[in-house]
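Novice: Need coordinates for the following:
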Amino acid sequence: MSLSVLLAGGGTAGHVGPLLSLADCLRRRDPGTVITALGTAEGLESRLVPEAGYRLALVPRVPLPRKPTADLGRLPGRLRAAVASATTAIRDSGAQVVVGFGGYVATPAYLAARRLGLPIVVHEANARPGLANRLGARFATYVAVTFPGTPLRGAQVLGLPMRRQVTMLNRATLRAHARMNFGLHPDLTTLLIYGGSLGAQRLNRTFGSVAGQLGLAGIQVLHSAGGGKTVDLAGRYDGAPPYQVVEYIDQMDLAYAAADVVVCRAGAGTVCEVTAVGLPAVYVPLPIGNGEQRFNAQPVVEAGGGLLIDDAACTPEWVSERLIPLLSRTPELQAMGAAAAAFGIRDGDERLADLVQQAVGRGGVPR
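Specialist: Numbers count the residues shown, from 1 in each chain. This next block holds a predicted model:
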């Protein structure tokens, strides 16, 4: 008899991506596995889950207020409705285990599973866990985390479930093709600048202003500016190495294959992908929120796989004085790439699938 699993996580790509990667892994192991994703009508999952071929059950969106507001008084009623919807989804799907990835939908899923006596597996992507997973970890059967040091009781470091296009990537084999795909020269040192799907205005301003200097140093650039954003390239000259600006990169595996070094934010998915493919990186954590991006990048930087620089310190002067000289030191970059690869975990989907099977008494291969 095949397994039935309810996967709860939504709102952002940081939750939906790992959810879909785990779903794909479970289906590779047993095509008969019944997958039901729990999400909201407003989140990315409302589009991405059906596109991936999986059933989506909806629950009402229930934000958990961090401060006393008028919403706090409405929380109990909203939460009861969401738990009721999650309970219905579990019963209708015949789920034998609930796997939560955090976000608005995870809390009602955890509470419904606990009420029904089902095993719970929690996966936390970030070094600093969110409210939902801090709650779920209190009564979970297993807790999996991406980064060492994540403060959840009983946590096992399993990495992040990721797309196979990334985890199976051979950068050396694809390098020439990838560079041609982006209109780059096949033999020049290549810098990838990636601020996420929304871009990063700091990176756009800083690197646009030193475009001419990068060219004079023989460095070509692939720069993802973000939707609706542009990069003003200063100091460009005829015959300079390519500086390709795109709004969004659909094939990140090819972008990683083209690059020698990446400058990026430090979201959990970005850190895990960059280390999985063995790229030396300059991490520029997002300067807002609870500081989780700095904590995401800190372990790989301490392992020698990259550099960490504050957003405000990522200036044209820093690029000129520190980054451009580094790009010419090939042995140092190779050592950073090797350290990143040694830190990265490529089989987070398989490890988490093992834990899910173990939670329902189906074994799985210990790792």
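Novice: Closest to the centroid, which residue in this protein?
Specialist: Residue closest to the average C-alpha location in the chain (Cα atoms, centre = their mean): G269, at 1.5 Å.
Novice: residue contacts, that one?
Specialist: A13, G14, G17, P18, A125, L160, M162 (Cβ atoms under 8 Å, 6 or more residues apart in numbering). No exception for glycine: its C-beta is placed from N, CA and C like everyone else's.
Novice: Considering those, which is situated nearest to V356?
Specialist: Of all the contacts of G269, V356 sits closest to P18, with 12.6 Å by Cβ to Cβ.
Novice: ok, back up a step: show me the contacts of G269 that map onto helices.
Specialist: A13, G14, G17, P18 (DSSP state H).
Novice: follow-up on the earlier one: past the host helix or strand of the residue nearest to the centre of the chain, which element shows up next along the chain?
Specialist: Taking DSSP states H and E as the criterion, G269 maps to helix 268-276. Per DSSP H and E, the first helix or strand lying C-terminal to helix 268-276 is strand 281-283.
Novice: tell me the mean pLDDT over that following strand?
Specialist: Here strand 281-283 scores 98 as its mean pLDDT.
Novice: list the helices and strands whichever helix or strand comes after that strand packs on?
Specialist: As assigned by DSSP H and E, the chain's next helix or strand after strand 281-283 is helix 292-302. Where contact means 3 or more Cβ pairs under 8 Å, 6 or more residues apart in numbering; DSSP states H and E, helix 292-302 is packed against helix 268-276, strand 281-283, strand 306-308, helix 330-343.
Novice: Quick one: low-confidence residue ranges for this protein.
Specialist: Scanning the chain for pLDDT under 70 picks out 63-75, 77, 197-199, 362-367.
Novice: Within the helices and strands, which one has the closest residue to G136 other than its chain neighbours?
Specialist: Leaving aside its sequence neighbours, G136 sits nearest to Y110 (Cβ to Cβ, 6 or more residues apart in numbering; 4.0 Å). Using DSSP H and E, Y110 sits in helix 106-116.
Novice: which parts of that helix are buried?
Specialist: A106, T107, P108, A109, Y110, L111, A112, A113, R114 (16 or more other Cβ atoms under 10 Å).
Novice: Tell me the helices and strands packed up against it.
Specialist: strand 4-8, helix 70-93, strand 97-100, strand 120-124, helix 131-136.
Novice: Just tell me which of those ends up closest to R346.
Specialist: strand 120-124 (16.3 Å).
Novice: so the closest one versus helix 268-276, what angle?
Specialist: 80 degrees (axes from the mean of the first three to the mean of the last three Cα atoms, to 10 degrees).
Novice: so how far is strand 120-124 off the chain centroid?
Specialist: Centroid separation for strand 120-124 versus its chain: 16 Å, with Cα atoms, centre = their mean, to the nearest Å.
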